[in-house]
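1. Kindly return the folded structure for what I paste below:
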Amino acid sequence: MPHRRDPRFGQLELSNYELLEAAGEAFYALDRAWRFTFVNERAEQLLQRQAPELLGRVLWDEFPLAANTVLEIEFHRALREDHFVEFTNFYESLAPAWFSVRAVPYSGGLLVFFRPITGDKLVEAKARELAAQDAALREVAIAVAGGMDGDELFSLIAHRTGALLGADAAGVLQLETGRDGVRLVGAWSNGAPLIEVGTLIPGVQQLPLGEVLRAEQSTLNLRYEEGSEALVARLGYRCSLSVALRVEGQVWGALIVAALRADAFSDDHRKRIQDFAELLELALSRIEDRRRLAARASTDALTGLANHRAFHERLDEEVHRAHRHGRPLSVALLDVDEFKSINDTFGHQRGDRLLVQMADSFSEQARTEDVFARLGGDEFALLLPDTSKEQAVVLCERLREAFAAVDTQPVPPTTLSVGITDLGDALTAEGMVRLADGALYWSKEHGRNRICVYDPEVVRDLSAGERAEHLARSQTLTGLRALARAIDAKDPSTRQHSDRVARLAALLAQELGWDRYDVALLGEAALLHDVGKLGVPDAILLKADRLTEDEYEQVKRHSQLGADIVDDVLNPTQVEWILHHHERPDGRGYPDGLLAHDVSAGATLLALADSWDVMTVSRPYQAAKTTEEALQECRNLTGRQFATEAVSALEAIVARGLLDDTEAAA
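-> Residues are numbered from 1 along each chain as shown. Model prediction:
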């Protein structure tokens, strides 16, 4: 083929030039010194340079941003290996664009074919964005369906939104009912500053964000100047993007993202946060539906106060929190005096109205953190976090005075009796309610219209029903204790075993600061801890030699059998102590193989007291250990057979001389 004279050709001679040109692709040729030797018309358009400007010039000089990139690496490889290469490259030196590149070596150098694929890349990027958005929404939907709620869920929403939009921080804001402010209910950042979740941000309605919350604008893209007083700007952010969140047509709050760069968010980001918000509103509707259902399930239908279940659930939470942080906690039980006669005289409808009036007067006096509940009938409960008994008395006196001032016509002015206790009297939720109930009964039996603070030296009375129940229970317990002692008496080495275990278990509980009521419960359970051995044959129970594996399996059944026997007599906590008094922290105990965190404190104390007696009293197959020998064995088995806290209490008891060799072996 003759040499083609064209300013784009340079000195290039190719027999198949027409074929290459007919392919319609942009291409250029380079010699082995990287100089342009040919540039076709399509390449001129894409490179935005005319061929005469490039021919004879070095590629890397004309396009310096291409040097030291994948382009140069692949071109060198094509020449070095004498094999064509194909790759994708981003040309930032031109109008930002993506190209598919093929570099084909030939005798004179390198032919480079390239075509724009920017559109394909944008479609891919959009597909990735949509996939990421779908994945984020799917994760949120799964979290909602799985019951996740509160700060954890809203922080997940903030995290996924911030990541989708390339923000540095994100938050979910909820309007405060009746207040000019929003509360941050969920937040995320990539390490940038954040305010604490739960913070109330006042005065928002007067700020630009208020336009979103008032639904005057669905989204708002703000940039902040240096020195701006806006909260977002004070945290160091230079722009924010927010969108209103609606539930059932009403503005619920807002979703906001923020960035440290002033130009971080575009119209595309605005569209994406709107799309995400629409789908989040469906999740919020589901959350609100679930909250309403939960509220109905935990609310007394007559008064609107918390019901019996909700009160006890919250009491359990507050007891754990108070123990963990060393904070005071009080419980008060309140009862309308002579309520039965009010119902009988004025009718149940008027009695119900009186209870509603009582609940309303309570609610007006309540602090935000207090929990009022109707436990049933005319009995109300008041949970007072971070409150001592003395403070509880002041509050309850105010409640009595407020209720006395309520117009209850035609019912005459009505009075209240109150019983109060705190964590100093009982360590458990169950114990607090029981002692407060005892104090309430004392108030009613000693004139009514008064407040009684629990005092074990004063509060001794029980109601008639409780006295009958207590008598029946005492008679049953007496019979079971007789059986337990009969089992101990079968073997001289175990005589009075249950009494000794009960004494030591009580000492351990006292050392750990248990209240007197719970100490008594543990001692009671300890006296019956071996009653299940009624089901173990005497041949095994009295065997002088070590037991076989099968015999040991029969002995192991005694803890479950004992729990079954006392189930109708002792309370559930005591039954659990007896069931698990052979469990171990390392999970090798029985009957359930529980690990340390699943074994209750009472069961661990009972386990140590039981084992101590076995170690320090002579058996046919084992000589008694001295106190120091037994104590050292307990230390060696701490964390495996015995709980650390229980062994520490034992060491303190021994150090004070409450146990010695003679006492232990008695």
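
2. what's the span of stretch 580-595 from first residue to last?
-> 11 Å (Cα to Cα, to the nearest Å).

3. Which parts of the stretch 51-200 of the chain are helices?
-> Ranges of helices in the stretch 51-200 of the chain, per DSSP state H, counting those that start in this stretch, are 51-54, 59-62, 70-81, 118-145, 150-164.

4. actually the stretch 351-500 of the chain, not the one I wrote
-> 389-404, 429-445, 464-490, 497-511.

5. ranking those helices by mean pLDDT, which is last?
-> Comparing mean pLDDT across the helices of the stretch 351-500 of the chain, the weakest is helix 464-490, with a mean of 59.

6. can you count the residues close to R32?
-> 11 (other Cβ atoms under 10 Å). C-betas here are computed from N, CA, C, even on glycine.

7. Could you check the pLDDT of the closest residue to G162 other than its chain neighbours?
-> Among residues not flanking G162 along the chain, A170 sits closest, at 3.3 Å (Cβ to Cβ, 6 or more residues apart in numbering). A170 carries a pLDDT value of 90.

8. check contacts around A170.
-> By Cβ atoms under 8 Å, 6 or more residues apart in numbering, the residues touching A170 are 158-159, 161-162, 187-189, 255-258.

9. I'd like those written out as CSV, with pLDDT added.
-> Formatted as CSV, the contacts of A170 follow (pLDDT from 0 to 100):
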residue, pLDDT
A158, 85
H159, 87
T161, 83
G162, 86
A187, 89
W188, 89
S189, 90
L255, 87
I256, 89
V257, 89
A258, 90
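
10. could you dump those to TSV with distance to R350 and neighbour count?
-> What follows is the contacts of A170, written out as TSV (distance: Cβ to Cβ, whole Å; neighbours: other Cβ atoms under 10 Å):
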residue	distance to R350	neighbour count
A158	51	27
H159	54	19
T161	54	28
G162	57	24
A187	50	23
W188	54	24
S189	57	18
L255	50	27
I256	52	27
V257	57	27
A258	58	28
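
11. Would you reformat those residues as CSV and include distance to L333?
-> Output for those, formatted as CSV (distance: Cβ to Cβ, whole Å):
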residue, distance to L333
A158, 42
H159, 44
T161, 47
G162, 48
A187, 40
W188, 43
S189, 46
L255, 44
I256, 45
V257, 49
A258, 49
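
12. Give the burial count for the nearest residue to R557 once chain neighbours are set aside, as a bare number.
-> Counting by Cβ to Cβ, 6+ apart, R557 lies nearest to G535, which is 6.6 Å off, once chain neighbours are set aside. For G535, the neighbour count with other Cβ under 10 Å is 16.

13. ok, now A29?
-> A29 has 25 nearby residues by other Cβ under 10 Å.

14. tell me the SS of it?
-> Secondary structure state of A29, per DSSP: H, G, I helix; E, B strand; the rest coil, is strand.

15. Okay, and the beta partners of the residue nearest to G162?
-> W188, V257 (DSSP bridges).

16. The one 5 residues further on now?
-> Beta bridges link L175 to V182, judged by DSSP bridges.

17. doesn't Q250 make contact with it?
-> No: L175 is beyond contact range of Q250, at 9.0 Å (criterion: Cβ atoms under 8 Å).

18. which of those two has more neighbours?
-> The residue with more neighbours, out of L175 and Q250, is L175; 19 against 8, by other Cβ under 10 Å.

19. quick one: contacts for the more buried one?
-> Contacts of L175 by Cβ under 8 Å, 6+ apart are 182, 213, 251-253.

20. and the gap between it and L222?
-> 19 Å (Cβ to Cβ, to the nearest Å).

21. Then G236?
-> On the measure of Cβ to Cβ, G236 and L222 end up 15 Å apart.

22. neighbour count winner among those two?
-> A direct count of neighbours by other Cβ under 10 Å for G236 and L222 places L222 higher, at 20 against 13.
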